[in-house]
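Participant: can you look at this prediction? I've put the sequence above it.
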Amino acid sequence: MRKRSLIPILYVAFLMLPIYWLVSMSFKTTNEILSGFSLFPQTFTLENYAVIFTTPTWYWGYLNSIFYVSLNTVISVSVALPAAYAFSRYRFLGDKQLFFWLLTNRMAPAAVFALPFFQLYSSVGLFDTHIAVALAHCLFNIPLAVWILEGFMGGVPKELDETAYVDGYSFPRFFVTIFLPTIKAGVGVAAFFCFMFSWVELLLAKTLTAVEAKPIAAEMTKTASSAGYELGLLAAAGTLTIIPGAIVIYFVRNYIAKGFALGRV
Amino acid sequence: MKTENAKAWFFVLPVLLLVAFNALVPIMTVVNYSVQETFGNNVFFWQGLDWFEQILRSDRFHAALGRQFLFTFLILIIEVPLGIIIALSMPKKGIWVPVCLVLMALPMLIPWNVVGAMWNIFTLPKIGLLGYLMNDVLGIAYDMTQNPLAAWITIIVMDVWHWTSLVVLLAYAGLVSIPDAYYQAAKIDGASPWKVFRYIQLPKLKTVLTIAILLRFMDSFNIYTEVFVLTGGGPGNSTTLLSIDLVKIALGQFDLGPAAAMSLIYFAITLLVSWLFYTLMTKDDAK
């Protein structure tokens, strides 16, 4: 037993190494980084973080990302809820085909859609707005949310619905007061996944924004290429982008294993 | 038993509208470009299927496609067994389990270009931890900007770092759902650890592994940002995977026709292989 638990420990250590390096570099001065190798920051500095929190393009980039990701999560989960209910409870014309078509959008390479998306959102006048990125990310997040929620809803016996009708509940009341609390773990997991995939995606987010809604991760690419090579600043920004993920994952920690199985265990 | 209900369409309507807006209009734009030639100024000429023919015959496309399949193949044969092994060796209960799961999920929540940048910083010779260890401590010449093999190993290790946890978490979820009674029965029968894995654990893992393999296939086949940020497709074209090549043609050279034809072929391959995987892996369920 002792020997076996070594494997997960080694694996976690391997996962933490590059993250440690990023965090440690964010506390170093550019001078120290370029002058040679050091395992720990020799001259511990918060300068890099200070730059980010005082430069509007940086902190707005951060806020922009959080804003469109939250918007996307709310939209995706709220439209996916009734749809997942329909898929898990009813048979209707074209249901299987529709479900499969939804999933195919999860398979589309984002690179295929980058240019057409730019044209589409420019032509409807939404270019460089938060809502444009939030809507664009619906392309892959809605199918995923429907898939997850359908899995969780499938685990709820149909008798629950029937009993509620016999007791005289109207559908909306049943859905909100009885059904939703039953699958709240599923809703949490679906929201987590929407947040995650919207947060990490950059190709579309970058294509659809210029100034007003520009995500922090896009700001980083600019720094890497234009302002010389400010590795410390880059590392600090990178470190900051890990924090929201770490926070949301804390909320779903008890459902995380089941959640990744999309409710199908 | 599900009930027949045509009104269910109203439930799916919002989803349908939103996804259709995002999927149909752009895909029609791509189809439109793929059969036309343009010299700018919104003037288009009918080109028929010429672009498709050109792409399907071009060596450049074959090379990128080959690299893409090699990448995805390596990812699947490394990450899936590794993920299962790690999940098997994890304890079922205990205070460390949630901590472990959260730490394992962390790489997946990092924006993809940050993943690329992070690995760039990590592998830089002289400055990066890995670059320093390899070159200055172990004395192995390692520079992924110069050596194609080093670049390939780096992108594979980066993806293993990034996504193996997905397999671990899925497999772990499948494993904890196996009742203890199964293991007790196996113990009484004197089953070997391999037999326990083969006849008790693996069958239970089938559903979750189907999901894991499908997701890993789709995402590794469509990978763009991480590899682009880390290597830029280089050195030379050695790590120019399909998406990177596509973006080079579409936005770099602005060859919209060939890029659009390539997009459609690309999408078709993804769909076809996903469908094949799915049918093969769920074949027994249908019986």
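Facilitator: Perfect, thanks for sending it. Numbering: from 1, shown residues only, chains lettered A, B, ... in the order given.

Participant: and for B:Met118, the neighbour number?
Facilitator: B:Met118 has 32 neighbouring residues, counting by other Cβ atoms under 10 Å in any protein chain shown. (Glycine included, C-beta is placed from N, CA and C.)

Participant: now do it against B:Gly234, distance only.
Facilitator: Computed with Cβ to Cβ, to the nearest Å, the distance linking B:Met118 and B:Gly234 is 19 Å.

Participant: what's the neighbour count on the spatially closest residue to A:Val23 that is not a sequence neighbour?
Facilitator: Nearest residue to A:Val23, sequence neighbours excluded (Cβ to Cβ, 6 or more residues apart in numbering or on different chains): A:Thr239, at 5.2 Å. By other Cβ under 10 Å, the residues close to A:Thr239 number 22.

Participant: wasn't A:Thr239 part of a strand?
Facilitator: No. Checked against DSSP: H, G, I helix; E, B strand; the rest coil, A:Thr239 lies outside a strand; its state is helix.

Participant: how close does B:Asp189 sit to B:Tyr183?
Facilitator: Using Cβ to Cβ, one obtains 11 Å as the distance from B:Asp189 to B:Tyr183.

Participant: between these two, point out the one with more neighbours.
Facilitator: The neighbour comparison of B:Asp189 against B:Tyr183 (other Cβ under 10 Å) goes to B:Tyr183, with 14 against 9.

Participant: that one reaches B:Ile200, doesn't it?
Facilitator: Yes. In this structure, B:Tyr183 is within contact of B:Ile200 by Cβ atoms under 8 Å, at 7.2 Å.

Participant: show me where chain B has helices.
Facilitator: Counting by DSSP state H, chain B has helices at residues B:8-34, B:50-57, B:59-88, B:96-105, B:112-123, B:129-132, B:148-176, B:180-188, B:193-196, B:202-221, B:225-231, B:242-247, B:256-281, B:283-286.

Participant: where among those is average confidence lowest?
Facilitator: Confidence, taken as mean pLDDT, is least for helix B:283-286 of these (a mean of 60).

Participant: from chain B, how far off is A:Ser26?
Facilitator: Per Cβ to the nearest Cβ, to the nearest Å, A:Ser26 is found 10 Å from chain B.

Participant: in chain B, which residue sits closest to chain A?
Facilitator: The minimum distance from chain B to chain A, using Cβ to the nearest Cβ, falls at B:Leu109 (2.7 Å).

Participant: wait, what's in contact with the closest residue in space to that residue that isn't next to it in sequence?
Facilitator: Nearest residue to B:Leu109 in three dimensions, chain neighbours excluded: A:Gly245, at 2.7 Å (Cβ to Cβ, 6+ apart). Residues counted as contacts of A:Gly245 (Cβ atoms under 8 Å, 6 or more residues apart in numbering or on different chains) are A:196, A:199, B:106, B:109-110.

Participant: what helix or strand does A:Thr209 sit in?
Facilitator: A:Thr209 belongs to no helix or strand when elements are defined using DSSP states H and E.

Participant: surely it touches A:Pro215?
Facilitator: Yes. When contacts are counted by Cβ under 8 Å, A:Thr209 is listed as touching A:Pro215 (6.8 Å).

Participant: common neighbours of those two, please.
Facilitator: Counting by Cβ under 8 Å, 6+ apart, the residues touching both A:Thr209 and A:Pro215 are A:64, A:133.

Participant: picking that back up, could you dump the helices of chain B to a markdown table with distance to chain A?
Facilitator: Shown next, in a markdown table, are these (distance: least, Cβ to the nearest Cβ, whole Å):
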| stretch | distance to chain A |
| --- | --- |
| helix B:8-34 | 3 |
| helix B:50-57 | 13 |
| helix B:59-88 | 5 |
| helix B:96-105 | 5 |
| helix B:112-123 | 5 |
| helix B:129-132 | 5 |
| helix B:148-176 | 4 |
| helix B:180-188 | 14 |
| helix B:193-196 | 11 |
| helix B:202-221 | 5 |
| helix B:225-231 | 5 |
| helix B:242-247 | 4 |
| helix B:256-281 | 4 |
| helix B:283-286 | 12 |
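
Participant: include distance to A:Met25 when you put those into JSON lines, please.
Facilitator: Formatted as JSON lines, those follow (distance: least, Cβ to Cβ, whole Å):
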{"stretch": "helix B:8-34", "distance to A:Met25": "38"}
{"stretch": "helix B:50-57", "distance to A:Met25": "42"}
{"stretch": "helix B:59-88", "distance to A:Met25": "27"}
{"stretch": "helix B:96-105", "distance to A:Met25": "20"}
{"stretch": "helix B:112-123", "distance to A:Met25": "6"}
{"stretch": "helix B:129-132", "distance to A:Met25": "9"}
{"stretch": "helix B:148-176", "distance to A:Met25": "17"}
{"stretch": "helix B:180-188", "distance to A:Met25": "46"}
{"stretch": "helix B:193-196", "distance to A:Met25": "43"}
{"stretch": "helix B:202-221", "distance to A:Met25": "27"}
{"stretch": "helix B:225-231", "distance to A:Met25": "16"}
{"stretch": "helix B:242-247", "distance to A:Met25": "26"}
{"stretch": "helix B:256-281", "distance to A:Met25": "36"}
{"stretch": "helix B:283-286", "distance to A:Met25": "49"}
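
Participant: can you name the residue of the stretch 151-265 of chain A nearest chain B?
Facilitator: Closest point on the stretch 151-265 of chain A to chain B, by Cβ to the nearest Cβ, is A:Gly245, at 2.7 Å.

Participant: OK, contacts around the residue nearest to A:Val23?
Facilitator: Taking Cβ under 8 Å, 6+ apart as the criterion, A:Thr239 is in contact with A:22-23, A:26.

Participant: drop anything exposed from those residues.
Facilitator: Among these, the ones that count as buried by 16 or more other Cβ atoms under 10 Å in any protein chain shown are A:22-23, A:26.

Participant: nearest to B:Thr210, of these?
Facilitator: Of all the buried ones among the contacts of A:Thr239, A:Leu22 has the smallest distance to B:Thr210: 33.9 Å, by Cβ to Cβ.

Participant: buried ones in whichever strand or helix holds the closest one?
Facilitator: If you go by DSSP H and E, A:Leu22 is part of helix A:6-26. By 16+ other Cβ under 10 Å, the buried positions in helix A:6-26 come out as A:7-8, A:11-12, A:15, A:18-19, A:21-26.

Participant: just stretch A:99-108 next, same as before
Facilitator: So for stretch A:99-108, counting by 16+ other Cβ under 10 Å, buried means A:99, A:102-103, A:105-108.
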